[in-house]
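Peer 1: Okay, predicted coordinates and the sequence, questions at the end:
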Amino acid sequence: MIWGRRALQHVKRFKRLPFQPEGLHRCMSAATQNLVVEMDGKSGVAVVKLNKPPVNSFNLEFLTEINILMEKLENDKSCRGLILTSNNNKIFSGGLDIMEMYNPQPDRLAEFWRTLQGMWLSLYGSRLATIAAINGHSPAGGCLTALSCDYRIMAPGFTIGLNETQLGIIPPFWFVESMINVTGQRQAEVCCQKGLMMTTEQAHSIGLVDDVVPGEAILERAHNEMKNWLKVPDFARQLTKRQIRKPTMDRLIAKRDEDIQNFVQFITKDSVQKAMGVYIDQLKNKAKK
Amino acid sequence: MIWGRRALQHVKRFKRLPFQPEGLHRCMSAATQNLVVEMDGKSGVAVVKLNKPPVNSFNLEFLTEINILMEKLENDKSCRGLILTSNNNKIFSGGLDIMEMYNPQPDRLAEFWRTLQGMWLSLYGSRLATIAAINGHSPAGGCLTALSCDYRIMAPGFTIGLNETQLGIIPPFWFVESMINVTGQRQAEVCCQKGLMMTTEQAHSIGLVDDVVPGEAILERAHNEMKNWLKVPDFARQLTKRQIRKPTMDRLIAKRDEDIQNFVQFITKDSVQKAMGVYIDQLKNKAKK
Amino acid sequence: MIWGRRALQHVKRFKRLPFQPEGLHRCMSAATQNLVVEMDGKSGVAVVKLNKPPVNSFNLEFLTEINILMEKLENDKSCRGLILTSNNNKIFSGGLDIMEMYNPQPDRLAEFWRTLQGMWLSLYGSRLATIAAINGHSPAGGCLTALSCDYRIMAPGFTIGLNETQLGIIPPFWFVESMINVTGQRQAEVCCQKGLMMTTEQAHSIGLVDDVVPGEAILERAHNEMKNWLKVPDFARQLTKRQIRKPTMDRLIAKRDEDIQNFVQFITKDSVQKAMGVYIDQLKNKAKK
């Protein structure tokens, strides 16, 4: 079964969740061809493939689609597990769309950030067992997405990391805390300060990924791993997860508006905009070569 | 010197500790053949062997005996270290006695849980240097007991883990925090959600046990390790330990009654009782084969 | 360029920092030949060599010199990175000068401790990228100093650790938290309780040091590592660091006076003074042999 544009057109109303992904109401009619969803009704496992060319970068619309899907899956009682991967076997996700942050409209910038918060909250706190099958590069927001899952399997030959500082951006506290929770504070300090993009093997050695599997076998491995997670009664697994992750989530929930203000204020600084302009020019020049 | 039933019969009154093990008053006359205690007056090291056939499972009476003994050792100025092991070289402890939780009387169930809290508080915060010599399987409450010690040595060929979720039970927050404090958050999330029973080697690889030693050599190894701990002046070691562990203990102390209520409410649910019934039937069928 | 006594004589006034190192005002005229500072104006990297024979132990005057230098470097916009090492290639630092704690004047003892707090606060929260090139033994306060840096490179053949308990002293909570932040709680519990002095290799295996490099190559390695840290825009690295380390710093800032009182009260106890006397006699006897 493939969920996609048509399936979502039939969805009329969403029950309000404790962490309702923002922007749902006005993006209901948005296309969702950017997500390929394969739901196995028998196992209850949804495979979600990020499918937004060229590099699955997160803009407001894409994040909103993801949030709509997450809410749909959360509310679908037949769904028990989520495998998150990319339809592009070179890039898991390029992270946040820099064009959302370059010369932004403040209102849209704030909404963009709130929607990203919403994605993290729904993924980090999902009742589903979540496995990231990282079949390509995964910088910044891509890494955050992987960090939000319960388990990470990565194909060799790629890189992953919270490399915000390399771009002159400060990873927000909940990015950093997601990293600390996975790798411990020492590694998180080094990774986040240096903005390290690590090879698969380096990431594995510090525990940022749990397992290394060749790209062609990564989905099979994810399904096998998922079987182990689904042997456990759902409610026991969910409450155990919630218990561990709640304090981290609560810290963002308590400061959600402040975090948005900080982000908007920081990104709209002249110096940051200028640095971003330089970076975008570099990307364009690279692309020409 | 062996402490046992007779020794305890002479104990008349216990000074009230900050964390007095509950149920002392009414279990004073309980037999203690379930604990073999070998106290070496010269070194100040007590070896305590869990000795409650068939699998050293913790029921109210056994927990109470342990708490009485812990208080006795805490108050015995000649005692400086505790090696906790099993008199059964296949099973360290089978964990909580499921029969305490199946068709329970609410009052006894609450007392059972308070006594378990008391055991954890006295062991986790003990002024003694505590080493678990894990010479057999150690699921659930057995694993918690090991996690409460300062150091863990395990014999190969066995399994250990907080496998509560496998039984449809949620490990309480202080079980999980004990695991996080030992293995870090990432491993604790995976272990506790999946209810993993790990081999000795797996447990060693994630830091859940500090050392792997063949069963026949485990006590000798524990004694040698203990010598290192006792080279340090007791008060300096104790205050250092207290400083590190106090925040974790305080979180339970602050929520002790709430934790008991949660437990009683959860365990007495029809669905949980039903699941437990199925599990007990499985155990019985296994036993028949 | 070498900074030293003469350079500091020209410094007239210090802007008050949020964490102003105490004792600045009255130590302005103190000699600073105990610190060899090599500042590379091009790279912005200062190499600071502890140079107080025989073992770079921290007394009030030496700590004050370090704090003055740290403030100078913090305020020097051309300075971006700090490599901290020893001019003695056997001893990084012997830690706190025990003579500050033996038969102390209470006022000076309190000032000593406040100055040590100040050093830790300025180093742990430094805006500079800080690398410890640990080219010799590094017990107690020496280990704390290394723990306060962003990255630790150590030469083989030496030992490092918070060995306070071995001397009957309790490492203060911020020493212990510095260790927990680097090695995780399990290792910190064992290391701090036992007062372990670890070999370079042991320290590396638990993450207490990040890299092992022969003593003759350690500075070159530190400079190469520093280049990676300085590739990142300073403000992004600094804010990321501050974000991660602030909670730990805030805990000391909130309890700074209480921590001083605890220290003074503890050190001036008869029993502690007596134990220290025995230890000092042992040191003297060792020195004679």
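Peer 2: Done, it's in.
Peer 1: Where does pLDDT dip in chain A?
Peer 2: Flagging of chain A using pLDDT under 70 yields the residue ranges A:1-32, A:289.
Peer 1: Identify the residue nearest whichever residue of the stretch 1-150 of chain A sits closest to chain B in space, chain neighbours excluded?
Peer 2: Distance from chain B to each residue of the stretch 1-150 of chain A (CB to the nearest CB) is smallest for residue A:150, at 6.6 Å. For the C-beta atoms, the positions are set from N, CA and C on the backbone; glycine is no exception. Computed as CB to CB, 6 or more residues apart in numbering or on different chains, the closest residue to residue A:150 that is not its neighbour in sequence is residue A:130, at 4.9 Å.
Peer 1: part of a helix, is that neighbour?
Peer 2: No. The assignment for residue A:130 by DSSP: H, G, I helix; E, B strand; the rest coil gives strand, which leaves it out of any helix.
Peer 1: From the chain's centroid, how far away is the longest helix belonging to chain A?
Peer 2: Counting residues, the longest helix in chain A under DSSP state H turns out to be helix A:234-254. Distance, stretch centre to chain centre, for helix A:234-254: 17 Å (CA atoms, centre = their mean, to the nearest Å).
Peer 1: Could you pull out the buried residues of the following helix or strand past it?
Peer 2: Where DSSP states H and E defines the elements, the next helix or strand beyond helix A:234-254 is helix A:256-267. Buried residues in helix A:256-267, counted by 16 or more other CB atoms under 10 Å in any protein chain shown: A:256, A:259-260, A:263-264, A:267.
Peer 1: For the residue of the stretch 151-289 of chain A found nearest chain C, list the residues it contacts.
Peer 2: Closest residue of the stretch 151-289 of chain A to chain C, CB to the nearest CB: residue A:165 (4.0 Å). Applying CB atoms under 8 Å, 6 or more residues apart in numbering or on different chains to residue A:165 gives the contacts A:171, A:192-195, C:232-233, C:236-237, C:240.
Peer 1: out of these, which one sits closest to residue B:66?
Peer 2: Top of the list for closeness to residue B:66, among the contacts of residue A:165 and by CB to CB, is residue A:192 at 44.2 Å.
Peer 1: How about the residues of chain A by chain B?
Peer 2: A:129, A:150-151, A:180-184, A:207, A:210, A:228-229, A:231-233, A:235-237, A:239-241, A:243-245 (CB under 8 Å from any CB of the partner chain).
Peer 1: out of those, which are buried?
Peer 2: By 16+ other CB under 10 Å, the residues of chain A next to chain B give A:129, A:150-151, A:180-184, A:207, A:210, A:229, A:232-233, A:236-237, A:239-241, A:243-245 as buried.
Peer 1: Would you confirm that residue A:84 contacts residue A:46?
Peer 2: No. Between residue A:84 and residue A:46 there is no contact under CB atoms under 8 Å: 9.2 Å.
Peer 1: got any residues that touch both of these two?
Peer 2: With CB under 8 Å, 6+ apart, residue A:84 and residue A:46 have no common neighbours.
Peer 1: can you give me the helices in chain A?
Peer 2: A:5-9, A:24-27, A:60-75, A:106-124, A:141-147, A:173-183, A:185-194, A:200-205, A:218-230, A:234-254, A:256-267, A:270-288.
Peer 1: name the helices or strands packed onto the last one?
Peer 2: I take that to be helix A:270-288. For helix A:270-288, the contact count by 3 or more CB pairs under 8 Å, 6 or more residues apart in numbering or on different chains; DSSP states H and E identifies no helix or strand as a packing neighbour.
Peer 1: Can you give me the separation between residue A:59 and residue A:197?
Peer 2: Relative to residue A:197, residue A:59 is positioned 22 Å away (CB to CB, to the nearest Å).
Peer 1: can you list the residues of the stretch 1-150 of chain A near chain C?
Peer 2: Near chain C, when you scan the stretch 1-150 of chain A using CB under 8 Å from any CB, you find nothing.
Peer 1: for the helices of chain A, which one ends up most surrounded?
Peer 2: Most buried of these, by mean neighbour count (mean count of other CB atoms under 10 Å in any protein chain shown): helix A:141-147, with a mean of 28.
Peer 1: OK, contacts around the residue in the stretch 101-250 of chain A that chain B sits nearest to?
Peer 2: Using CB to the nearest CB, the single residue of the stretch 101-250 of chain A nearest to chain B is residue A:236, 4.0 Å away. Applying CB under 8 Å, 6+ apart, we find residue A:236 in contact with B:164-165, B:167-170, B:195.
Peer 1: Just send these back as JSON lines, with distance to residue C:159 too.
Peer 2: Shown next, in JSON lines, are the contacts of residue A:236 (distance: CB to CB, whole Å):
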{"residue": "B:164", "distance to residue C:159": "42"}
{"residue": "B:165", "distance to residue C:159": "43"}
{"residue": "B:167", "distance to residue C:159": "46"}
{"residue": "B:168", "distance to residue C:159": "49"}
{"residue": "B:169", "distance to residue C:159": "45"}
{"residue": "B:170", "distance to residue C:159": "44"}
{"residue": "B:195", "distance to residue C:159": "41"}
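Peer 1: Can you tell me which of those are buried?
Peer 2: Here, 16+ other CB under 10 Å leaves B:164-165, B:167-170, B:195 buried among the contacts of residue A:236.
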